[in-house]
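[1] generate coordinates for the sequence data below:
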Amino acid sequence: MKALYLDCFSGISGDMCLAALLDLGVPLEAFERVISQLGIPVTIEKSQVSKNGIRATRVVVRARAPQPSARSVRELEEILKKSSLPEALAGKAETLLFRLARAEAAVHGQDPREVHFHELGGLDTLVDLAGTLAGLDYLGVDKITASPLPLGRGSIQAAHGALPLPAPATLQLLQGIPTYGVPLEAELVTPTGAVLAAALAEDFGPPPFACWEKIGYGAGAKDLPHQPNVLRTWLGESRPAGFARAGELFCDEDQVLVLETQLDDANPELLPYLRAQLEKDGALDVAFLPAYMKKGRPGSIVTVISPRDRLFALARTIFRESTALGLRWYPASRLKLFRTSLEVTTPYGTIPVKLGFARHPDGTPEYLNLAPEYEACARLAQETGVSLKEVYQAALKAVDGLNLLKE
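    Numbers count the residues shown, from 1 in each chain. Next up is the predicted model:
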């Protein structure tokens, strides 16, 4: 599956999307074809620029003839309807356009179809939307994910006068999308960039599990202090779990998040409840490690293994159910044995046993670990009056009799 990751560390805009796709290998002719199919009097120009030492592609859409100062959504929809764009692409572009219009209308109290777009009389917006969709089709992208979006501050001049940043329409579009503020007086996420990210990305967070094959850099118009104003795009193949090589064996593999915090003022009686709530809210594992904190205080390091989509839910649980004022999180990769189970017969009864195995290149399994189910062993020990360790040994002997670990 072809995967695209939008690394929006300096934000995202429509022209940055077009430029980044060009940098990934979409030919300029693909965007010129979109313009021709739209039947609009504009041209698109490509150049190479440097942004704070990073080479990037820049695109500019220019009018070939004088344009009205603005066009309404009705007029832009009419252009799409009369275009020769492929039907599916035109339909997606119209959906994005109307989503953008609804955001503007909600802010200004208008009918969405009466909203006006001003960049090149709205034609620039059509090129950004339809061109991005066409570029993604050209690359064969199946799934898009994105980083959380940075939001600058300050103000920007618009047709309605000075507007605060982030622009009101941008904030409207980003409801429910992970964002964070940065101390820059600049528009990092434009309304067009916001609608593209919100509509196209299936998930927001760290890069997904994939083999990245190409990196593209799309330059923004402005120069930013201390950082390159580029949209970085990662293109590659999404890798399913189960193809990580360890020596001559293949293991299961996935990506998780690790959340950590240190507690030196928590009542120890609260920790079992914290564990239970974290597990209820989706944690894969929870560990408490004893440690000495500042001023020699005894405390605990809380480590939580989280699925990639449970970061904020589990962080909220930690803050709600403990005395933590902050936490660290980072992505981590895991290698795991494949798992299966079987039931073995012992003199004390039937016991389920978990087996861990890797695979040889020809697909045959090699069993490397096993564990009898504790609850079943404890129940049989109680029922028969023998020790728990005897029941365990009987289960291990029964597995050994199957010669699984010798194959």
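
[2] where does the stretch 151-300 of the chain have low pLDDT?
    159-160, 239-248 (pLDDT under 70).

[3] a strand runs through P290, doesn't it?
    Yes - according to DSSP: H, G, I helix; E, B strand; the rest coil, P290 belongs to a strand.

[4] report the contact partners of it.
    Shown in contact with P290 (Cβ atoms under 8 Å, 6 or more residues apart in numbering): P298, G299, S300. Where C-beta positions appear, they are placed from N, C-alpha and C, glycine not excepted.

[5] list the contacts of the closest residue in space to the second one that isn't next to it in sequence.
    In this structure, G299 finds its nearest non-sequential neighbour in D264, 3.5 Å apart by Cβ to Cβ, 6 or more residues apart in numbering. Under the criterion of Cβ under 8 Å, 6+ apart, the contact list for D264 reads M293, K294, R297, P298, G299.

[6] now the strands for the stretch 51-200 of the chain?
    Counting by DSSP state E, counting those that start in this stretch, the stretch 51-200 of the chain has strands at residues 54-63, 71-72, 116-117, 143-146, 149-151, 155-158, 161-164, 179-181.

[7] now those strands as a markdown table including mean neighbour count?
    Shown next, in a markdown table, are the strands of the stretch 51-200 of the chain (neighbours: other Cβ atoms under 10 Å):
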| stretch | mean neighbour count |
| --- | --- |
| strand 54-63 | 18 |
| strand 71-72 | 20 |
| strand 116-117 | 22 |
| strand 143-146 | 21 |
| strand 149-151 | 22 |
| strand 155-158 | 12 |
| strand 161-164 | 11 |
| strand 179-181 | 12 |
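
[8] A371 is nearest to which of those strands?
    When those are compared by Cβ to Cβ, strand 143-146 sits nearest A371, at 35.3 Å.

[9] which outside residues touch the closest one?
    Contacts to strand 143-146, defined as Cβ under 8 Å, 6+ apart, come from residues 1-8, 12, 136, 197, 200-205, 207-208, 238.

[10] show me what contacts V195?
    V195 neighbours (Cβ under 8 Å, 6+ apart): L96, R99, L100, A103, L129, L173.

[11] sitting in helices, which of those residues do you find?
    Assignment to helices by DSSP state H places the following of the contacts of V195 there: L96, R99, L100, A103, L129, L173.

[12] format those residues as TSV; extra columns: neighbour count.
    As requested, the ones in helices among the contacts of V195 are exported to TSV (neighbours: other Cβ under 10 Å):
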residue	neighbour count
L96	23
R99	17
L100	28
A103	25
L129	28
L173	28
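
[13] what is the nearest of those residues to L370?
    After measuring the ones in helices among the contacts of V195 against L370 - Cβ to Cβ - the closest member comes out as L173, at 52.4 Å.

[14] ok, that closest one - contacts?
    Neighbours of L173 in contact, by Cβ under 8 Å, 6+ apart: R99, L100, A103, P191, A194, V195, A198.

[15] and the helices in this protein?
    Under DSSP H, the chain gives helices at 14-23, 28-38, 73-82, 87-108, 123-139, 168-173, 191-200, 271-280, 311-321, 374-384, 388-400.

[16] quick check: which of the ones you listed has the most neighbours on average?
    Per residue and on average, the most neighbours among those fall to helix 14-23, with a mean of 27 (mean count of other Cβ atoms under 10 Å).
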